[in-house]
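**Student:** Kindly generate the corresponding structure for this input.
(chains A, B and C)
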Amino acid sequence: MRIEGDVATFGVSDHAQEALGDIVFVELPEIGRTVDAAEAYAVVESVKAVSDSYAPVAGEIIDVNEALESEPEKVNTEPYGAGWIAKVKMSGNSDELMSDDEYTTFLEE
Amino acid sequence: MSTARTSNTYSAVGGIQHEEPLLFEHAHEAAEAISLPGVQGDISAELHAFSRQKPANIPGLSEPETVRHFVRMSQWNHGIETGFYPLGSCTMKYNPRVNEQVVRLSGLANIHPDQPIDSVQGVLALLYELQEWLCEIAGFSDVTLQPAAGAHGELAGLMMIRSCLDARGQQHRKKVLVPDSAHGTNPASAALCGMHCIELKSGADGRIDLDELKKHLDGDVAALMMTNPKTAGAFESDIKEICQLVHDAGGLVYGDGANLNALVGMARPGDMGIDCLHINVHKTFSTPHGGGGPGAGPVVVNDTLAPYLPVPRIVKEGENYRIETQEEQSCGTILGSIGQVGVLLRAHAYIAAFGRNHLHKIAQDAVLNANYVLHRLKDAYHVPFEGLCKHECLLTDEYQNKHGIKTLDVAKQLSDLGFHPMTVYFPLIVHGAMLIEPTETESKATLDSFCDAMLEIAAQCEAGDTQVLHDAPTKPIRRRLDETQAARKPVLVWSD
Amino acid sequence: MRFLPHTDTDRNAMLESMDMDVMSDLFTDIPSEFHLEQGSLDLPDALSEAGIVRKFTKASEQNRHAGNTRCFLGGGTYHHFVPAVVDYVISRGEFLTAYTPYQPEISQGTLQTLFEFQTMIARLTGMDVSNASMYEAATATAEAALMARRVTRKSKVVMAGSVNPRYRSVTQNYLSRLEGEYVEVATHGFSTDVDGIIASIDEDTACVIVQYPDFYGSVYDLAELRVACDAAKCLMVITFSDVTAFALIQSPGECGADIAVGSGQSLGIPMGFGGPHLGLLTCKQKYVRQMPGRVCGMTSDADGKRGFVLTLSTREQHIRREKATSNICSNQGLMCTAAATYMTLMGDEGLKTVATRSAAALHHLLSNLPKHVTAAQGARYNETVLSFVSEEKRSAFLVEARKRDIFAGIPLEQLDTNMAHNHLLVSTTEMIEEADIQDYLAALEVAA
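**Tutor:** Residues are numbered from 1 along each chain as shown, chains lettered A, B, ... in the order given. Below you'll find the model as predicted:
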């Protein structure tokens, strides 16, 4: 997750994309939807596995990466860049942020 | 380890194999249309007003071209008639040809489901007799032939369980306990019934852990769904106690009969306390799999669930048969017909061929074959659960992993050696699962040949001769296919 | 036993290699109280192959069938012509005795056939994509309702009363254990009440399901319904029972369907007393990830050669388990092969001939009806309802028709218990000849 001002960019960690293997599809959330911290906000699919992606922080979805509809492989190749999934206007304060460890745990569950 | 033969003594030796374009690529004008019977008059003016705008663009081929097109494609397939097909939990046994012949009799194949009842007594008699046989073989009191497949049978069974619990005023019971080794259809069927699954962790021996079961048995439990023998090949020896525990907690026990081949004629699930069971006739009773179907999944039930059977049902009155479409407590209608009749009739013929005096030999030889394969392979491949297996045996790729070889590589190499691979990566409870089900219709020579091939692969791993395994298969018409590409940019229809 | 290759010598050698003496040593894990005494089941003794043929032949001869009668029965199952090549192709062991093509390298025959099947079904229905089959039309209709609920994330299902009663009852049953409203819109006369359906749509509506041609054979305009569905952001689902219609009349795609489902039995599959038939499910491209069932896709192999695989499997039960789009696993694979073979033999031209003659036979029959019988009005494909002045008159006609080896129609109340007892659902195909219609009309005259 990357934070600029009150906007957080959600994605899949490098570790998680590697565990999932070749990503073939990302089910993007609807713009305008509000998500709680630790709520599943997107679904990431490889050929033989499906994984929910959990929000590290609460907020409102203000943008989604529609480029993933035609190029889901970006989640593999640039998980922290062009492979982002959603931008979220954060509603909580920093206390609610999950640590990297917690986030990784959520992704693996 | 026994001496492995060299691969050129196995049955896959190459030979004439043809590429064949897609039908849409046959580059010539549509062939002259097939000659057809019928009335050559006009259609009504009213209908004419609704004429299709653009032609469908389905290219017709002449009859000789059509036959060659499909025959060539058929030759890219491996079928049970081509060779050994040891897919675990799929029961790929020989499909008798006489069954194919008799179901094509015009008086069975060309009858309309809504003909007057007096004109279909012959087919109803065969179906009714099958109903009685299935109840007798599985140890239950009644049956529905309607479910179109195993998963559809699961749905029917859970609907009956739902109706039964509702009748008891227990609408709140919505929990379905499912062992973690279960087939994915179990939780999917439960979801369709408005119920949700709780996964039971298997014990160290791959069986249901009674303490784990007790932990989840509360007042919200609707049912336990279980496969016995399990998908890991072992029999649930505590079956009676398991059923008792579930019943004491007010739940019902659903049996997935996918593995009935291990028991047929030897023991009956109905005697063990199970309340209902679907029977995959395309497994145990040898109706052909057809490249994915059709199957049929009749559900046998005990007296507790009999009032809730789906409609329509075939009933006998005196010497006559009729179809009952209304039953007060029925869980409803699940299919647009009384069932996959052609499939059910093949099952009838199969049971008739074994009869009272031979039926148990199915299970005996199936279990013998699985244990024999397990015995021959147990030193070369890791066996996760010790002890007897039933109709299928479970191995893993643990020993091969240290040489960089995975279950998938073993599977692909088998097809180069002339065998269909076993079921891979199922059940999910062990890593790198290889589930082998030889069935009773394979000879000792075939089993030995398969085991030799498996031992050869293991020996290649040990010798570090692994490149050939990574490259496999090389002999079929296509090598490993790119499933990622297929899923990322799905191309599901041809565009000219 | 002729299906078991082992000799007792083999069995003993195998047991001995495992340090076992007798077969029962293999079953010691089953508690002894459950062991059956061998041969104790109440079943008849084994039949020889000749005995099986004799038994089935006898049963077959007790039935009347389309081979020795004239079949005017429809209602979801149709007696179309099946060319010999179709049965030959699906009898080939490589198609017949193969499993689901999960190992694509050695299943390219099944897979390429499925790809061709999907393409031809999509073209015939005018839709973007097709899956690789459902069981049959009634369950396919139920699956379409569930699919529309997933796509729209809404739950109400509006069903036209002119949909085949069997499709309706299965769909209603599938939905009855889930949250959400199910509404059936009553029919006036023997056609579809489009206005009534539109009036039942609201903002919670996930889909509207109409049959086209409807259960009574009526062909009608769906343009207004399409507009209403767009306005309410719900899906228009078309179900059909004789897919040959779309070689002649506007396809579901041309009518604007979001999902089109129905029976493919007419494409080279015998009536078989109700099964196995073939369920079709097609949809617009954008809904493909909510489709139930298996689907085959094009890809390439390690050498870059074109090949086919089952794809989008994450939708399915073996991966998504309780969140799967359906619980379906075994489907009607071989029936897809039959339909693909049939359509290849027919082509556009043959299919159109089948459809035209099916419709022409009905038109010919209706043009010559005696006055004491009335037929439902409006455009009909190959099916309609004949109404008699009384149940007695209908019975008298059915008796006369049987004397002429004619199955003249299905008493409507057999399929829909709400119906009065003086109607017959009548259907024609290209298997009905001029002489059959003359005999039908003669029976009507005699029973007047």
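**Student:** part of a strand, is residue C:236?
**Tutor:** Yes. Assigned with DSSP: H, G, I helix; E, B strand; the rest coil, residue C:236 falls within a strand.
**Student:** who does it bridge with?
**Tutor:** residue C:208 (DSSP bridges).
**Student:** near chain B at all, the least confident helix or strand in chain C by mean pLDDT?
**Tutor:** For chain C, counting by mean pLDDT, DSSP states H and E, helix C:317-320 ranks last in confidence among helices and strands (a mean of 83). Yes. Shown here: helix C:317-320 in contact with chain B (CB under 8 Å from any CB of the partner chain) through C:317-320. Where C-beta positions appear, they are placed from N, C-alpha and C, glycine not excepted.
**Student:** among the residues you listed, who's most crowded?
**Tutor:** Neighbour tally across the residues of helix C:317-320 next to chain B (other CB atoms under 10 Å in any protein chain shown): the maximum, 25 neighbours, falls on residue C:317.
**Student:** wait, isn't that one in contact with residue B:151?
**Tutor:** Yes. Counting by CB atoms under 8 Å, residue C:317 does reach residue B:151; the two are 7.1 Å apart.
**Student:** Overlap of the contact sets of these two?
**Tutor:** Residues touching both residue C:317 and residue B:151 (CB atoms under 8 Å, 6 or more residues apart in numbering or on different chains): B:185, B:188, C:327-329.
**Student:** Closest one of those to chain A?
**Tutor:** Looking at the shared contacts of residue C:317 and residue B:151 and their distance to chain A, the nearest is residue B:188, at 13.2 Å (CB to the nearest CB).
**Student:** could you list every residue that touches that closest one?
**Tutor:** B:151, C:317, C:320-322, C:324, C:326-327.
**Student:** Same check on residue C:365?
**Tutor:** Each residue near residue C:365 by CB under 8 Å, 6+ apart is listed here: C:426, C:428, C:437, C:440-441.
**Student:** Correct me if wrong, but it is in a strand.
**Tutor:** No. Counting by three-state DSSP, residue C:365 is not found in a strand; it is helix.
**Student:** do you know how far residue C:316 is from chain A?
**Tutor:** According to CB to the nearest CB, to the nearest Å, residue C:316 and chain A sit 10 Å apart.
**Student:** measure that residue to chain B for me?
**Tutor:** Separation of residue C:316 from chain B (CB to the nearest CB): 7 Å.
**Student:** Restricted to strands, list the contacts of residue C:365.
**Tutor:** Those of those mapping onto strands are residue C:426, per DSSP state E.
**Student:** from the contacts of residue C:365, which is closest to chain B?
**Tutor:** residue C:437 (7.0 Å).
**Student:** what ranges do the strands span in the chain?
**Tutor:** Since you didn't name a chain, this refers to chain A. Secondary structure of chain A (DSSP E): strands at A:2-4, A:7-10, A:23-27, A:34-35, A:40-46, A:50-54, A:59-64, A:86-90.
**Student:** Correction: the question concerned chain B.
**Tutor:** Assigned by DSSP E, chain B shows strands spanning B:142-144, B:175-179, B:196-200, B:221-227, B:252-256, B:276-278, B:299-301, B:313-317, B:320-324, B:393-396, B:423-424, B:433-436.
**Student:** Relative to chain A, which of the ones you listed is closest?
**Tutor:** Nearest to chain A, of all the strands of chain B, is strand B:423-424, at 11.0 Å by CB to the nearest CB.
**Student:** what bridges to residue A:42?
**Tutor:** Per DSSP bridges, the residues bridged to residue A:42 are residue A:53.
**Student:** Now do the nearest residue to residue C:137 once chain neighbours are set aside: how many residues are near it, please.
**Tutor:** Leaving aside its chain neighbours, residue C:137 sits nearest to residue C:263 (3.8 Å; criterion: CB to CB, 6 or more residues apart in numbering or on different chains). Counted by other CB under 10 Å, the residues lying close to residue C:263 total 28.
**Student:** Residue C:263 touches residue C:135, doesn't it?
**Tutor:** No. Shown here, residue C:263 and residue C:135 do not form a contact pair, counting by CB under 8 Å, at 10.4 Å.
**Student:** Residue C:153: neighbour count?
**Tutor:** Residue C:153 is flanked by 8 other residues according to other CB under 10 Å.
**Student:** which residues does it contact?
**Tutor:** Contact analysis of residue C:153 by CB under 8 Å, 6+ apart lists nothing.
**Student:** Quick check on the nearest residue to residue C:207 once chain neighbours are set aside: phi, psi?
**Tutor:** Nearest residue to residue C:207, sequence neighbours excluded (CB to CB, 6+ apart): residue C:148, at 3.4 Å. Main-chain dihedrals, residue C:148, degrees, to the nearest 10: phi -60, psi -40.
**Student:** show me the contacts for residue C:148.
**Tutor:** C:157, C:206-207, C:234-235, C:237, C:258-259 are the contacts of residue C:148 under CB under 8 Å, 6+ apart.
**Student:** which pair in those residues spans the largest distance?
**Tutor:** Spanning the widest gap among the contacts of residue C:148 are C:157 and C:258, at 13.5 Å by CB to CB.
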